[in-house]
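Q: any chance you could fold what I've pasted below:
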Amino acid sequence: MKRARGDGPRIELRILLQSKNAGAIIGKSGSNIKRLREDFKASVTVPDCTGPERILTIGADIDTALECLMDIIPSLEDYKQFSDSDFDCEMRVLVHQSQAGCIIGRAGFKIKELREKTGANIKVYSTCCPQSTDRVVAISGRPVVVTDCIRNIYKLLEMAPPKGVNQPYDPHNYDEYYAHDYGGYTIAEGGRGKLPRGAPPPPPRGGVSPLMSPQMRGRGAMNGNMGARGGRGGDNRFVNPGRGGSGQGFYGGQQNFAQDSMGGMGQQGMMFGMEQTTTTQVTIPKDLAGAIIGRGGNRITEVRRQSGAQVVIDEALPGSNDRIITITGTQEQIDAAQFLLQNSVRKFSEKY
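A: Numbers count the residues shown, from 1 in each chain. Down below sits the predicted model:
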């Protein structure tokens, strides 16, 4: 029996869009967004942003939210030329990093099952959106296929509520250089926004992590799988951004596992229990170590407690002004730890 509109728990469906699509959703003088709210009895918002990305949020029960999305899709810039719904589209859904695992499943089983069941193409990006705990799930196919896939994903999310730090993505923090790593849009794609005057050219892949400020640069490494895809070449020593190298290992602050469309199948790290563990290293100026460690180690202890990751800060090498932070855990734990470390730098760096 089909559930009546308005029945069921209320959800917030958040879609990462190109800014150029906002006008079609809002309509002249807000006429279309007002119609959507009235017709579907839903909360529909697409807040302004000066960058190339916006977030469409639809608040309603899942069936109503997806009906509303089905109404919106044909009006978007890339699809408005089609006269019917027989076209391929892509929606990029935002989910909390701790929920990505329930979409992927053990050894990628669940994401494979979703693809076979719905017929949709699904890609789970492993890098969180800048300064957030959100990850992008890109779903493509016919509009009805995409919305059906989203429905199935939200059934899974109901069984796995978000855990840990929750920092929703703010598109004002978009990162032009790493947009394709976290599933975002560039200025050319989004149709809006500009780089700051005098901004440097994009760094090589594997420079600053989206969750890290320019003060915290890193390299990723897979336990037990040196030479994995996802970064520039390098040996097992710490190397400067942009310098490749020979031998095993790779350099890549944001751990470019987002390129794996199997949603994690490319990660061949060591398995502890039934969870996959990876290691990332970032460097900070040694003057900032106090901001992260805190008095008596209180702040670094709190980072470990909240994230569940192992976080070790090495002493600076002789003649070096940098200290290396090694973070070990699941991808979700590492992302949470990086977010908390960045917060410590922002809040306390002026004291040191």
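
Q: all contacts plus neighbour counts: C-alpha atoms, from now on.
A: Fine.

Q: Leu36 - that's part of a helix, no?
A: Yes: remark: Leu36 belongs to a helix, assigned using DSSP: H, G, I helix; E, B strand; the rest coil.

Q: neighbours of it, how many?
A: The number of residues packed near Leu36 is 20, by other CA atoms under 10 Å.

Q: quick one: low-confidence ranges for the stretch 151-300 of the chain?
A: Applying pLDDT under 70 to the stretch 151-300 of the chain flags residues 190-275.

Q: how about 50 then?
A: Scanning the stretch 151-300 of the chain for pLDDT under 50 picks out 195-274.

Q: other SSEs contacting the longest strand anywhere in the chain?
A: What stands out as the longest strand in the chain, according to DSSP state E, is strand 275-285. With contacts taken as 3 or more CA pairs under 8 Å, 6 or more residues apart in numbering; DSSP states H and E, strand 275-285 sits against strand 217-221, strand 270-272, strand 322-329, helix 331-348.

Q: change it to 6 Å
A: Judged by 3 or more CA pairs under 6 Å, 6 or more residues apart in numbering; DSSP states H and E, strand 275-285 is in contact with strand 217-221, strand 322-329.

Q: got the CA positions of the helix or strand just after that strand in PDB?
A: For strand 275-285, the following helix or strand on the C-terminal side (DSSP states H and E) is helix 289-293. Provided in PDB are the C-alpha atoms of helix 289-293 (Å, rounded to 0.1, in the frame of the first residue of the first chain):
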ATOM      1  CA  ALA A 289      52.500  22.200  18.100                       C
ATOM      2  CA  GLY A 290      51.400  23.800  21.300                       C
ATOM      3  CA  ALA A 291      48.100  24.800  19.800                       C
ATOM      4  CA  ILE A 292      47.400  21.200  19.000                       C
ATOM      5  CA  ILE A 293      48.900  19.500  22.100                       C
END
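
Q: just checking, Gly141 touches Thr118?
A: No: contact between Gly141 and Thr118 fails when scored by CA atoms under 6 Å: they sit 9.4 Å apart.

Q: gap between Asn343 and Arg10?
A: The gap separating Asn343 from Arg10 is 31 Å, by CA to CA, to the nearest Å.

Q: ditto for His172
A: As judged by CA to CA, His172 and Arg10 stand 27 Å apart.

Q: show me what whatever helix or strand Ile58 lives in is packed against.
A: Per DSSP H and E: Ile58 is located in strand 53-61. Here strand 53-61 touches strand 10-18, strand 43-45, going by 3+ CA pairs under 6 Å, 6+ apart.

Q: closest one to Glu189 among the ones you listed?
A: Of all those, strand 10-18 sits nearest to Glu189, with 7.0 Å by CA to CA.

Q: now the first helix or strand past the closest one going along the chain: mean pLDDT?
A: Per DSSP H and E, the first helix or strand lying C-terminal to strand 10-18 is helix 22-26. In this model, helix 22-26 has an average pLDDT of 95.

Q: could I have the CA atoms of helix 22-26 written out in PDB?
A: This file holds the C-alpha atoms of helix 22-26, laid out as PDB (Å, rounded to 0.1, in the frame of the first residue of the first chain):
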ATOM      1  CA  ALA A  22      19.800  28.300  -8.200                       C
ATOM      2  CA  GLY A  23      17.800  30.700 -10.400                       C
ATOM      3  CA  ALA A  24      15.700  27.900 -11.900                       C
ATOM      4  CA  ILE A  25      14.800  26.600  -8.500                       C
ATOM      5  CA  ILE A  26      14.000  30.000  -7.000                       C
END
